[in-house]
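>>> structural data only, the sequence is not supplied:
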């Protein structure tokens, strides 16, 4: 993947972020593949497997509980994957690290802590208080 020049951040910083995002993406894909199967022709959508533990009532209850937990986990991981893919896209088009609300650069400290961030802490605080 090519990183487009960005006037707000040094190339080394953007390469570090890219590395963090790609590692996190791979970890999430591994987790999603353990939960279910990728939906064909989809970028980041998976279907959690329904486990068949047996046919008695206790088994059925455990199957439903396990499936319910897996679906919620799957949805959370898919959201994280979408956020990562969006951040990778921003790296490629030169808009990475720019707050979507203010148009100002997001602090490097925030981006290192949460590489998928698309908004500054100040903008988030402002939005929460309005």
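Happy to help now that I have it. All values derive from a computational prediction rather than experimental measurement.

>>> which residue lies nearest the spatial centre of this protein?
Using C-alpha atoms, centre = their mean, the residue of the chain that lies closest to the mean C-alpha position is residue 80, 2.0 Å off.

>>> based on its surroundings, how many neighbours for the nearest residue to residue 73 once chain neighbours are set aside?
The shortest distance from residue 73 to any non-neighbouring residue, by C-beta to C-beta, 6 or more residues apart in numbering, is to residue 35 (6.3 Å). Yep, even glycine has a C-beta here, placed from its N, CA and C like the rest. For residue 35, the count of nearby residues is 16 (other C-beta atoms under 10 Å).

>>> from residue 77, how far off is residue 118?
In this view, residue 118 and residue 77 are 19 Å apart by C-beta to C-beta, to the nearest Å.

>>> hey, where'd the strands end up in this protein?
With DSSP state E as the criterion, the chain has strands at 36-38, 46-48.

>>> for those, which has the smallest mean pLDDT value?
Lowest mean pLDDT within the strands of the chain: strand 46-48, at a mean of 63.

>>> quick one: buried residues of the longest helix along the chain?
Across the chain, the longest stretch assigned as helix under DSSP state H is helix 57-93. Neighbour counts over helix 57-93 (16 or more other C-beta atoms under 10 Å) mark 63, 70, 73-74, 77-78, 80-81, 83-84, 87-88, 90-91 as buried.

>>> same question, stretch 7-23
9, 13, 14, 16, 17, 18, 20, 21.

>>> residues contacting the fifth one?
Listed by C-beta atoms under 8 Å, 6 or more residues apart in numbering, the contact set of residue 17 reads 87, 91, 96, 97, 111, 112, 115.
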